[in-house]
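Chemist: One predicted model, sequence on top.
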Amino acid sequence: MPKPFFRPAALFLSAPPAAALLFLALLCAPTAALAAPPPVPSAGAPADGPPRGLWPGGRACDTSEGPWDCVAACESGGDWQANTGNGFYGGLQFRQSTWEAYGGTDYAARADLATRKEQILVAEKVLEAQGWGAWPHCGAPYRDGGRTHQGPESDGLVRMAGPGPEWMIPGTALVMDSPRPSRDSG
């Protein structure tokens, strides 16, 4: 006896029109629902970036006057005269060689001795030449228009997003830092 096989044409001939339409709809339907793609962030001006709540460590930050106060809050706790002896100076934590290479000495000998405005003028030159990678951790939210948020592995969504997770841009990638091996792990 021959094996029966499925014949779609037989279904159309024997089924009512509504069933045939349903069959065609199911046959042609995608296998998974696709969400609308997230909006593409505008490019260009440094003020275009993450809204409040997207800064490393879950700190809320207002970018209404541009990104630099937020980057300084992340880099130095917002202390524009920071000089902790670690080789980085000012609110945006410039290396001395970077400060000199981008004309900072036109304003002050070191970044921590310059005004906020002068540090920002130098930072904009650095940004133009090096991009947000010049501030590897604190510039991360700007590298892709605010679509990446990085934090320690111990941070959860609420802590990473800050007090208002609804502020996060749809499609934001949450990147957990790699855990550091403990001294006991050999």
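Modeler: Looks like it came in fine.

Chemist: Does Gly87 touch Gln93 like I think?
Modeler: No: applying C-beta atoms under 8 Å, one finds Gly87 not in contact with Gln93, separated by 9.2 Å. C-beta coordinates here come from the backbone N, C-alpha and C atoms, glycine included.

Chemist: Any idea how many residues pack against Leu92?
Modeler: A total of 27 residues lie near Leu92 under the criterion other C-beta atoms under 10 Å.

Chemist: Also the one 4 residues further on?
Modeler: Number of residues near Gln96 (other C-beta under 10 Å) recorded here: 15.

Chemist: gap between it and Ala108?
Modeler: Computed as C-beta to C-beta, to the nearest Å, the Gln96 to Ala108 distance reads 12 Å.

Chemist: Quickly find the element holding Trp99.
Modeler: helix 96-101 (DSSP states H and E).

Chemist: how about that helix: buried residues?
Modeler: Across helix 96-101, burial judged by 16 or more other C-beta atoms under 10 Å covers Thr98, Trp99.

Chemist: Would you mind pulling the contact partners of it?
Modeler: Helix 96-101 is contacted by residues Gly87, Tyr89, Gly90, Gly104, Thr105, Arg110, Ala111, Val122, Val126, Ala134 when judged by C-beta atoms under 8 Å, 6 or more residues apart in numbering.

Chemist: gap between the fourth one and Ala140?
Modeler: Distance of Gly104 to Ala140, given as C-beta to C-beta: 23 Å.

Chemist: the more surrounded of those two?
Modeler: Comparing Gly104 with Ala140 by other C-beta under 10 Å, the one with more neighbours is Gly104, at 26 against 22.
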